[in-house]
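Visitor: Using only what follows, build the 3D model:
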Amino acid sequence: MHKDELLELHDQMVTIMEYFSDLDGVDSGLFDQYQELDVTPNDVHKSKSEHKHAVFVLGNALANAMSEDEFSDAGRVGKRMKELAEDAEQKL
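Guide: Numbers count the residues shown, from 1 in each chain. Have a look, this model is predicted:
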């Protein structure tokens, strides 16, 4: 995936995050780990690796927001996103 495509994906995922953040019943701290990264889709000067890591961290949080438990489809996606985020973090 090219960096511009990754930035577009990152931007779309942030839009979804904002939707979930506005819902009642969603844990307010769910997106804290992503926000602590301080990497937004507008930070075009940041590396592709940093954006990739942010996308995986955000993907994990979004999957957790949608999951019923760790064994649901979204729960399994969240677990995989967490693994990918950890791998991407090691490559920073």
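
Visitor: mind listing the helices for the protein?
Guide: In order along the chain, the chain carries the following helices (DSSP state H): 3-22, 32-37, 48-66, 73-90.

Visitor: can you tell me which of these the model trusts least?
Guide: Here the helices of the chain differ in mean pLDDT, and the lowest is helix 73-90 at a mean of 87.

Visitor: residue contacts, the closest residue to residue 66 other than its chain neighbours?
Guide: Leaving aside its chain neighbours, residue 66 sits nearest to residue 74 (4.1 Å; criterion: Cβ to Cβ, 6 or more residues apart in numbering). C-beta: built from backbone N, CA, C; applies to glycine. Applying Cβ atoms under 8 Å, 6 or more residues apart in numbering to residue 74 gives the contacts 63, 64, 66, 67, 68.

Visitor: Among the residues you listed, name the buried ones.
Guide: With burial judged by 16 or more other Cβ atoms under 10 Å, the buried subset of these is 63, 64, 66, 67.

Visitor: so which two of the residues you listed are the farthest from each other?
Guide: 64 and 66 (7.4 Å; Cβ to Cβ).

Visitor: What sits closest to residue 39 if chain neighbours are left out?
Guide: Spatially, and ignoring its direct neighbours in sequence, residue 39 is nearest to residue 54 (4.2 Å; Cβ to Cβ, 6+ apart).

Visitor: Next: residue 31.
Guide: residue 61 is the one closest to residue 31 (Cβ to Cβ, 6+ apart), at 5.1 Å.

Visitor: what does residue 6 give?
Guide: residue 51 (5.2 Å).

Visitor: Now do that neighbour against residue 25, distance only.
Guide: Plainly put, residue 51 is 30 Å away from residue 25 if you go by Cβ to Cβ, to the nearest Å.

Visitor: picking up where we left off before, what is the nearest of the contacts of residue 74 to residue 8?
Guide: For the contacts of residue 74, the nearest to residue 8 is residue 63 (19.6 Å; Cβ to Cβ).
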